[in-house]
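Participant: Provide a 3D model corresponding to the input given below.
(2 chains)
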Amino acid sequence: MEIKSNLPKYTFLHAKAMLDELYDMRIMEDSFIEKAYISYKAIGNSYSYKHVFIGIVGADNKLELPDNVEYINMVNYPTYFYDILAYDNIFLYVNGSRLFSEVSDEWASRFGDKSVSDRNGHNLTYNLNTDGTISFPQGDFAGKQVAVLYDGLLVDEDCNPMLYYSEVKAIAHNVAYIEARKKAFSGDQLMGSLMQYAKKEADTAIANATIPERFTYNELDQLLNINVSYNRKVYNRAYKFKS
Amino acid sequence: MKIIELGSAIRNHIIDGLGGETPNTSYSRDQLIDEAFIYRDRLIFELSMKGRHELSPFYQTLDAIPIMEADLSTNPIIKSGICRSYIRIPIPSVTYSNVSIEYIGPVSKAKSFKLYFDDRFNHHTFRLRTSKEPYAYVDLDSASDGLIDVMLFNLNKIKDLRYLTVREIISNPLSFQIADCCTLAEEDEFPAPLYVQDMIIDKIVQRYVTQYRQLHIPDFPNKQTDKT
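Facilitator: Predicted coordinates:
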């Protein structure tokens, strides 16, 4: 239940509604999404979740992947993924909707009987193409169902990432700052004062949003193992080590 | 106030104001109406410098503007993208930071196209997230019929789109003609709120009465002498 409550549950355009309420600022949707992406990259959060995508390979032996694929873990027949539900700490998203272990009956009915699955343990060989597809060099898979287990962002129906509340707030303030700065530099004097106000708010909100809301035990271990020198002699420098 | 009433009001004020001063008091009402629209355009520019919200009563919506098909890819200004369709819209007013066109998109108002007013539309394909969304290039070179071209890109996603809606501040609402779109007639309401109509009446009457009367003050010789 804890992990369930910590899911990002706000769609990307919640930030536009919040911007409208906080600053009464009207930006067209396309321009807003571009500016919001700049802000989203400034926050730097990207929480990936395990997804399973099940699709039918096309006639050219290629499978078109969803837009939110970050990293492919493995490719196999759909029935193979029945076993993955045995692990408690993996939550699967099948074609966009979340699948919990308690709905395993639905899973079974959707992908057939476990006994007929190809359980030899070998994953399928695939090539990742630059146009967002994978192709299968060994054998012809045209017309067959193939499942892809991958790490990906949680996305809404427009394929924009889902957000936490702190991220929504940070994006709203930062887009207001970007828009006010743009107008102030092109001669709008009223926007100059708004720019200064929004800059402070945006910096605070972005700093708050970078605090992770989802915390694994490994990350907690890393945090607790930090060593701090008690007689630090060098200031205004940050030494960063690769973990 | 209707357009024809506004012209009459200005004309009556001028005749009253210049009564007894000038012998010829016949003024063309059509010309006064034209001047009212010119001054409306200037007010729009001045109001837009102060802030955006004052402009909201000036917008007019034109529904069902037909999309015309033509291959414009050979146009030298278009370097990227495939442009096979365009629409023709009335000339928009000149406003600060080009806010005169508020919306161009489907009639359902579900999707607003990104608008470009200069050659920056060539870089639309390099946007982070919305590079495949439809966009439009507004070519502000006006033609003789009071209409300008708006070239549409990336329309292949939206199938069977035949008409668009445009919401804009029209520079001169009396002088354009689009098929399937109704235009203003002299019996229609003047396209501005009442306080703007009052400003227009005041300004034009003041220009005719005060300004021109001051120009025609007769020269009297100075006959005063110093009393010593």
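
Participant: how about stretch A:42-59: buried residues?
Facilitator: Within stretch A:42-59, the residues scored as buried using 16 or more other C-beta atoms under 10 Å in any protein chain shown are A:I43, A:N45, A:Y47, A:Y49, A:K50, A:H51, A:V52, A:F53, A:I54, A:G55, A:V57. C-beta: built from backbone N, CA, C; applies to glycine.

Participant: How about stretch B:106-121?
Facilitator: Neighbour counts using 16+ other C-beta under 10 Å place B:P106, B:S112, B:F113, B:K114, B:L115, B:Y116, B:F117, B:F121 of stretch B:106-121 among the buried residues.

Participant: Can you give me the end-to-end span of it?
Facilitator: By C-alpha to C-alpha, to the nearest Å, the extent of stretch B:106-121 from end to end equals 20 Å.

Participant: pLDDT on that stretch, on average?
Facilitator: Confidence over stretch B:106-121 (mean pLDDT, whole number) is 88.

Participant: And chain A, is it touching that?
Facilitator: Yes: with C-beta under 8 Å from any C-beta of the partner chain as the measure, stretch B:106-121 is seen reaching chain A through B:K111, B:S112, B:F113, B:K114, B:L115.

Participant: What is the nearest of those residues to chain A?
Facilitator: Distance from chain A was checked for each of these by C-beta to the nearest C-beta. The minimum falls on B:K114, at 4.1 Å.

Participant: For chain B, give me its nearest residue in chain A.
Facilitator: Each residue of chain A has a distance to chain B, by C-beta to the nearest C-beta, and the smallest belongs to A:D30, at 4.1 Å.

Participant: What strand or helix carries that residue?
Facilitator: Using DSSP states H and E, A:D30 sits within helix A:29-43.

Participant: and that helix, which residues are buried?
Facilitator: Of the residues in helix A:29-43, A:E29, A:D30, A:S31, A:F32, A:I33, A:E34, A:K35, A:A36, A:Y37, A:S39, A:Y40, A:I43 count as buried by neighbour count, 16+ other C-beta under 10 Å.

Participant: likewise stretch B:141-158?
Facilitator: Going through stretch B:141-158 with 16+ other C-beta under 10 Å, the ones that come out buried are B:G146, B:L147, B:I148, B:D149, B:V150, B:M151, B:L152, B:F153, B:N154, B:L155.

Participant: Quick check: pLDDT value at A:L99.
Facilitator: Looking at A:L99, the pLDDT reads 52.

Participant: quick one: A:V148 is in a strand?
Facilitator: Yes: A:V148 forms part of a strand when assessed by DSSP: H, G, I helix; E, B strand; the rest coil.

Participant: Let me see the contact set for it.
Facilitator: Listed by C-beta atoms under 8 Å, 6 or more residues apart in numbering or on different chains, the contact partners of A:V148 are A:V52, A:F53, A:I54, A:G55, A:L63, A:L65, A:V69, A:I72, A:M74, A:V75, A:I134.

Participant: And A:T11, by the same measure?
Facilitator: Taking C-beta under 8 Å, 6+ apart as the definition, contacts of A:T11 comprise A:D156, A:D158, A:N160, A:M162, A:L163.

Participant: For the residues you listed, pick the one with the most neighbours.
Facilitator: Ranked by the number of neighbours (other C-beta atoms under 10 Å in any protein chain shown), those place A:L163 first, at 26 neighbours.

Participant: Does the helix ranked longest in chain B reach chain A?
Facilitator: Of all the segments assigned as helix in chain B under DSSP state H, the longest by residue count is helix B:29-50. No: counting by C-beta under 8 Å from any C-beta, no contacts exist between helix B:29-50 and chain A, the nearest distance being 8.6 Å.

Participant: Going toward the C-terminus from that helix, what's the next helix or strand?
Facilitator: Using DSSP H and E, the next helix or strand after helix B:29-50 towards the C-terminus is strand B:60-66.

Participant: and that following strand, what does it pack onto?
Facilitator: Under the contact criterion of 3 or more C-beta pairs under 8 Å, 6 or more residues apart in numbering or on different chains; DSSP states H and E, the helices and strands touching strand B:60-66 comprise strand B:85-90, strand B:163-168.

Participant: Show me the helices in chain A, by range?
Facilitator: Using DSSP H, helices in chain A cover A:2-5, A:14-23, A:29-43, A:104-111, A:165-185, A:189-209, A:217-224.

Participant: what does chain B put close to chain A?
Facilitator: Proximity of chain B to chain A (C-beta under 8 Å from any C-beta) is limited to residues B:51-52, B:96-97, B:111-115, B:127-130, B:133, B:135.

Participant: What is the neighbour count of residue 64?
Facilitator: With no chain named, the answer covers chain A. 14.

Participant: The chain in question should be chain B.
Facilitator: A count of nearby residues for B:A64, using other C-beta under 10 Å, gives 14.
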